[in-house]
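K.L.:
Okay, structure incoming, though there's no sequence with it:
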């Protein structure tokens, strides 16, 4: 039944969410400590504060990087390079060779 499948998917998501947030937090910590080697304690404090705020939102793993970046900006520091090529690979739509304009009439 579809309801059972969606319930199972939601349960798995909620079980995996703390681990995903923890991994993200560790990655952000490494990135910011690499960018600011002498500020490891400050980075840990910022990450702890922003993780607590992120958990109050519906999808903490989506908001944590932006919350940390905003907090770092308030400290007059530049955000660290947190882009990892292995995480998301953007599709390059400009390289499509068989582009053909399509017209459609609505109506």
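P.N.:
Structure's in. What do you need? Remember, predicted model here, so these are calculated numbers, not experimental data. Residues are numbered from 1 along each chain as shown.
K.L.:
Under the pLDDT cut-off, which ranges of this protein? List them.
P.N.:
Low-confidence segments of the chain (pLDDT under 70): 1-3, 82-107.
K.L.:
Tell me where the longest helix sits in it.
P.N.:
helix 2-35 (DSSP state H).
K.L.:
Show me what the helix or strand containing residue 63 is packed against.
P.N.:
Taking DSSP states H and E as the definition, residue 63 sits inside helix 60-74. Helix 60-74 sits against helix 2-35, helix 40-55, with contacts defined as 3 or more Cβ pairs under 8 Å, 6 or more residues apart in numbering; DSSP states H and E. All C-beta atoms are positioned from the backbone trio N, CA, C, and that covers glycine.
K.L.:
Distance check, the residue nearest the centre of the chain against residue 7.
P.N.:
Nearest residue to the geometric centre of the chain (Cα atoms, centre = their mean): residue 62, 4.5 Å. Applying Cβ to Cβ, to the nearest Å, the value for residue 62 to residue 7 is 22 Å.
K.L.:
Next: residue 71.
P.N.:
Distance from residue 71 to residue 7, by Cβ to Cβ: 36 Å.
K.L.:
And for residue 35?
P.N.:
Residue 35 is 42 Å from residue 7, by Cβ to Cβ.
K.L.:
Who has more neighbours out of these two?
P.N.:
residue 35 (16 against 11; other Cβ atoms under 10 Å).
K.L.:
check contacts around the closest residue to that one other than its chain neighbours.
P.N.:
Distance criterion Cβ to Cβ, 6 or more residues apart in numbering; nearest residue to residue 35, sequence neighbours excluded, is residue 80 at 3.7 Å. For residue 80, the contacting residues are 28, 31-32, 34-36, 72, by Cβ atoms under 8 Å, 6 or more residues apart in numbering.
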